[in-house]
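Student: Here is my input, please return the structure:
(2 chains)
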Amino acid sequence: MLFMSKKRVVITGLGLITPIGCGVDTFWQAAVRGENGIRPLRNFDASEHRTKTGGEVLDFNADDYLLKAEQARMGRSGQFVLAATKMALEDARIDLSQCERSRIGVSMGTTMGEPQVLEQCIKIKYAANDAEKIPSTLPRQYPCASIPANIARHFSISGPHIMIPTACAAGNYAIGYAYDMIQLGRIDAAIAGGSDPFSGIAFTGFNRLLATTPDIARPFDKNRSGMAVSEGAGILFVEELDAARRRNAPIYAEIRGYGLGCDAFKMTIPDPSGSGGIIALKKALDHSEVTPDSIDYICAHGTGTIENDKTETVIVKVVFGDRAKAVSMSSIKSMIGHTMGAASAIEAAACALMLKHQIALPTINYTEPDPECDIDCIPNTARSMKLDTIISNAYAFAGNTSSLVLSAFKG
Amino acid sequence: MKRKQIVISTIGTISPLGIDLDQVTAALTAPPRQAVVEAFEFHSFGKPVPCFKITGLDPVTILGKKGLRNKDNATKLLLSAAELGFKTLMEESPEERRPGLCIGTAFGSVQSIGDFLSDSIVNGVNTVNPQAFANTVINAPAGNANIRYLARNLSSTISTGFNSGLDAIIYAFDLLQRGYLEQIIAGGLEEISYYALLGCMRSGILSPSGVVRPFADDSDGIVMGEGCALFLLEPAETAQKRGAVIQAEIAGCANGFDPAPGGGETSDGSVFKQVVQTACAQAEIDPGRIDCVASGGSGNRAGDSLEAAGITAVFGSDTPPVTAYKSFTGECYGASGAIGVLCALADMKKNRISGIPTAPYATTSPLRPVFGGVDATIRHLLVSSFSCDGNCSAIILKKVN
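Tutor: I've put the predicted structure just below:
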């Protein structure tokens, strides 16, 4: 039992930048259609790499959201986040001028922040054989702390402010801490989420680990061949229920709780026994005061690598027992690829939309069942179904594990 | 419901000040120990760069050889500090109750990130060592520590620039208040790396003179430092039950962000004031009961003037003695706040304030910083940081008898 009194925390606004579309409606319609966002790369030179596909956000135009001067001060990750935050605030129909801005927090996650900025600095240095050629303003864009700072500065928000760079589970960590800060009374509302841009370091690194698919992502399929490196951002506006009610805010879903854990096994490979994922999932259920029987759906981490999908199946089987095969569990990474630090934030937003529409998104590219992943992965076609309480899993390099529990809002 | 009384008990640290609280206490009465760096492996600056680098540390003597082959310097620094402070605790804790880890760092292993990129740019993407990729995520040092100690209950990393160490402690404090865990090891870590130094050079914030002069009218920038300071945070009753030495209570803590234009350079200090007031309210004290402020003063004039504005906004003309431990350690970025807490604990224990270790210099700052060591009874000490990015963080340490 948790120590502090329990407030109800709800999601009232969403902002999404993904390879299958920018904006909540565009994303949702594409996801329900089962659109594949993994394509031959257009803006990244992959000619020397083993893999030549990935998930680029092609319809993002920073001019639609930011002044040129603002764009010049931040990297692509920062631009994604600011654009998604504008969407989320508009979606939440919140008028910040009516808010006490010291009571609004910013809680963000990422894998590497703006690694392409460091890459640019290094390329300039080697091209000129002179580090003095690096523009003096460029290094300031690199630290990942600049991402939440850009939000706070743009919207004049002065509440608690944090960046939690816990790799591919970072979005869940950030949303979870926003939830905690509201529970503890530090804030009334928060802008929470995650982002990562397409970067040379991530693409090269996963290629060198032979973790990338040569073509498309096929989570849970017997012929799955790896993950698709991708980019994007997901932002949620979360607030204390009473505050949302006072302003008649639209409510997507309620955050029930979350759990964190760690495999403590290897830096780049999940523990085959699922130790950290089991801890996170059990804690999430416990903290949310729900039982496995009440879970209707799991939004899987589901990267499409052999090890990840097998391990995630083990985790669900251990925690759900005989019910494991009856709980629907899909991977939206089959459509958008692996957006790294943005992944679990986008997935949390997708979960909120699934609860609102009572439609579970599919795992696309699924052709052949894998006996080691014998779950109901909602193959290829979105499914209308009762969705009351659902879970979103996210795992990461360094063994970080997390599970977030959301429920359909019931007044 | 009543808030839990969270205390700092066990400490693990490595910095130019030493490897335990006694060494830190002694170092605060001696001249600062600076070093210079001229090159990092294949990168050269072409000139000596003054910094506060840890010298004479061989992680193998602390950690043994096993498992270190692919670990980078930041990870070895964190593992060494953790091993010195918490090896026994970790080994003796049942796995299901083992403390979680929360590490604040501004850059993580930026040396590994930069080297990986440099290698792929210079030698081609198909030549880079895939094992090196594991070190490029910012949470790699924390994850490696979790692996070493089979610590499965929490692995978290916080990155808020200069404030990372303080914010990691605040995050851990909040998770303990929520009741998620019984104990968390929290603190800050930063290595001196070629890429961080290069970034600071190009941004024009490094001190050409190599002398740290917080709040001085003629200060000319920061001198980079490195280190790691970790603390076991736990409820007072847990510490008492296991017979642990309690160093201090975290009576209150808070953070915020000053969104004033230009990274807060025109701030009136009102956000910092609000942050300190929130921490004081948690501590159930009036700001007037703060006996000493351990500021983030670093010699960066923009940052120092921000912090001075913030502290003045809180205390008005009746400012308590203000020190700046960065005059002993340099700017350790993500480790700074945690090393500030470490120095504060040393001073609280000795009933002294370790002021700036130079002859007094001219300053028009309203803070009247302390120079040299002075005796003082400290009941409540504020460790603060107001970075020129806008991050404001405050932790109030309370002496526990």
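Student: Now residue A:96. Nearest residue, chain neighbours left out?
Tutor: residue A:155 (6.0 Å; C-beta to C-beta, 6 or more residues apart in numbering or on different chains). Using the backbone N, CA and C atoms, a C-beta is placed for each residue, glycine as well.
Student: For whichever residue of chain A sits closest to chain B, give me the pLDDT.
Tutor: Here the residue of chain A nearest chain B is residue A:398; by C-beta to the nearest C-beta that distance is 2.3 Å. Listed pLDDT for residue A:398 reads 93.
Student: where does it land in three-state SS?
Tutor: helix (DSSP: H, G, I helix; E, B strand; the rest coil).
Student: was I right about it contacting residue B:135?
Tutor: No - using C-beta atoms under 8 Å, residue A:398 is not in contact with residue B:135, being 10.1 Å away.
Student: More neighbours: which of the two?
Tutor: residue A:398 (30 against 26; other C-beta atoms under 10 Å in any protein chain shown).
Student: Let me know the pLDDT of the nearest residue to that one once chain neighbours are set aside.
Tutor: Spatial nearest neighbour of residue A:398, excluding adjacent residues (C-beta to C-beta, 6+ apart): residue B:143 at 2.3 Å. If you check residue B:143, the pLDDT there is 97.
Student: Please name the residues that touch the residue of chain A closest to chain B.
Tutor: By C-beta atoms under 8 Å, 6 or more residues apart in numbering or on different chains, the contact list for residue A:398 reads A:166-167, A:262, A:267, B:134, B:137, B:139-140, B:142-144, B:146-147, B:155.
Student: One more pass at 10 Å, please.
Tutor: A:166-169, A:262-268, B:134, B:137-147, B:155, B:157 (C-beta atoms under 10 Å, 6 or more residues apart in numbering or on different chains).
Student: Residue 76: how many residues sit nearby?
Tutor: Let's take chain A. 23.
Student: that answer is for a different chain, and I need it for chain B
Tutor: 22.
Student: Quick check, it in contact with residue B:57.
Tutor: Yes - assessed by C-beta atoms under 10 Å, residue B:76 is found in contact with residue B:57 at 8.6 Å.
Student: Mutual contacts of these two, please.
Tutor: Contacts common to residue B:76 and residue B:57, judged by C-beta under 10 Å, 6+ apart, are residue B:14.
Student: Residues that sit against both of residue A:398 and residue B:135, list them.
Tutor: A:267, B:141, B:143-144.
Student: ok, so of these, who is nearest residue B:368?
Tutor: residue B:141 (38.2 Å; C-beta to C-beta).
Student: what's near enough to touch the closest one?
Tutor: By C-beta under 10 Å, 6+ apart, the neighbours of residue B:141 are A:398, B:71-79, B:82, B:101, B:103, B:105, B:108-109, B:112, B:135, B:157, B:189, B:191, B:228.
Student: do residue B:13 as well
Tutor: Here residue B:13 is in contact with B:19-21, B:23-24, B:80-82, B:84-85, B:187, B:227-231, B:335, B:338-339, B:342 (criterion: C-beta under 10 Å, 6+ apart).
Student: Show the buried residues in these.
Tutor: Buried residues within these, counting neighbours by 16 or more other C-beta atoms under 10 Å in any protein chain shown: B:19, B:21, B:24, B:80-82, B:84-85, B:187, B:227-231, B:335, B:338-339, B:342.
Student: neighbours around residue 162, how many?
Tutor: No chain in the question, so chain A it is. 30.
Student: wrong chain, I was asking about chain B
Tutor: For residue B:162, using other C-beta under 10 Å, the count is 32.
Student: Helix or strand for residue B:239, just tell me which one.
Tutor: Residue B:239 belongs to helix B:236-241 when assigned by DSSP states H and E.
Student: for chain A, what spans make up the helices?
Tutor: A:24-33, A:68-73, A:76-91, A:115-128, A:146-155, A:170-183, A:200-208, A:241-246, A:275-288, A:306-320, A:333-336, A:343-357 (DSSP state H).
Student: what sits up against the first one?
Tutor: Helix A:24-33 is contacted from outside by A:13-21, A:23, A:35-37, A:59, A:84, A:87-88, A:90-91, A:232, A:234, A:252, A:332, A:335-336, A:346, A:349-350, A:352-354, A:356-357, A:359-362, A:364, A:381-382, using C-beta under 10 Å, 6+ apart.
Student: Any idea which residue of chain B lies closest to chain A?
Tutor: Closest point on chain B to chain A, by C-beta to the nearest C-beta, is residue B:143, at 2.3 Å.
Student: Just to check, that residue is in contact with residue B:157?
Tutor: Yes - using C-beta under 10 Å, residue B:143 is in contact with residue B:157, at 8.3 Å.
Student: Name the residues contacting each of these two.
Tutor: A:166-167, A:398, A:400, B:101, B:103, B:137.
Student: Do you have the helices of chain B handy? List them.
Tutor: Taking DSSP H as the criterion, chain B carries its helices at B:21-27, B:59-63, B:73-92, B:110-123, B:130-133, B:140-148, B:164-178, B:194-203, B:236-241, B:261-264, B:270-283, B:301-315, B:326-329, B:336-350.
Student: If I average pLDDT within each of the ones you listed, which one is lowest?
Tutor: Among the helices of chain B, helix B:261-264 carries the lowest mean pLDDT (a mean of 54).
Student: Next one: residue A:25 from residue B:29, what distance?
Tutor: According to C-beta to C-beta, to the nearest Å, residue A:25 stands 65 Å off from residue B:29.
Student: May I ask you to confirm that residue A:288 is in contact with residue A:404?
Tutor: Yes - with contact defined as C-beta under 10 Å, residue A:288 reaches residue A:404; the gap is 9.1 Å.
Student: anything in contact with each of these two?
Tutor: The contact lists of residue A:288 and residue A:404 share A:255-259, A:391, where a contact means C-beta under 10 Å, 6+ apart.
Student: Close to chain B as well: tell me which of the residues you listed qualify.
Tutor: A:257-259 (C-beta under 10 Å from any C-beta of the partner chain).
Student: pLDDT added to these, as TSV?
Tutor: As requested, those are exported to TSV (pLDDT from 0 to 100):
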residue	pLDDT
A:257	98
A:258	98
A:259	98
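Student: All set now, cheers.
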